[in-house]
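A.B. asks: I would like the atomic coordinates for the input below:
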Amino acid sequence: MNRNKKIQRMMKVAGVVISTLILFTSCATYYLTQQSLVEQVINSQPEKKVTVAIVFPIIIPGVVTGNSLREIKVKDKKGNEVILPVTNRTAIRITQNNGKRTTFYLNTLIIQDSMITGKKDHFIGMSIKPININNIKLIEVEK
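C.D. replies: The predicted structure is shown next:
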């Protein structure tokens, strides 16, 4: 019996530790309107993004085209304005009016002729299916 109690106690401690780690490493979600996204991206310039992944002994270079945004104004869930730095890890999730969600990297987003394009990775350049700005229901940014 004593051994079972020790195992249960260890499992509880492990559960608390894992829950704490998940809590502190989870992403924060922010929101923007279509108009805000368009205004901020339109003012940026297209640029090539070079990323290097090192998986010893192999070096994998990646080049994709994206925008020159270094920061973006978003709102938190309480409606407060926040300025986020845009990095290779900043994700954007767009929910269309039909419920379809598309997630990709914010620094690869480009707007042309009311269509949004972007990349799902920084190496191969896997493009998303273009999204019409007028069909957007919700825009979320994860940091």
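
A.B. asks: Val141 sits in which helix or strand?
C.D. replies: Secondary structure from DSSP states H and E places Val141 in strand 136-142.

A.B. asks: can you give me the offset of that strand from its chain's centre?
C.D. replies: Chain-centre distance of strand 136-142: 10 Å, with Cα atoms, centre = their mean, to the nearest Å.

A.B. asks: Could you list every helix and strand that that strand packs against?
C.D. replies: If contacts are counted by 3 or more Cβ pairs under 8 Å, 6 or more residues apart in numbering; DSSP states H and E, strand 136-142 sits against strand 29-32, helix 34-42, strand 91-96. All C-beta atoms are positioned from the backbone trio N, CA, C, and that covers glycine.

A.B. asks: Output those as a markdown table; include the columns distance to Glu142 and mean neighbour count.
C.D. replies: Shown next, in a markdown table, are these (distance: least, Cβ to Cβ, whole Å; neighbours: other Cβ atoms under 10 Å):
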| stretch | distance to Glu142 | mean neighbour count |
| --- | --- | --- |
| strand 29-32 | 5 | 18 |
| helix 34-42 | 14 | 15 |
| strand 91-96 | 4 | 18 |
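
A.B. asks: Turn the ones you listed into a markdown table, including mean pLDDT and distance to Glu81.
C.D. replies: As requested, the helices and strands packed on strand 136-142 are exported to a markdown table (pLDDT from 0 to 100; distance: least, Cβ to Cβ, whole Å):
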| stretch | mean pLDDT | distance to Glu81 |
| --- | --- | --- |
| strand 29-32 | 96 | 10 |
| helix 34-42 | 95 | 10 |
| strand 91-96 | 97 | 17 |
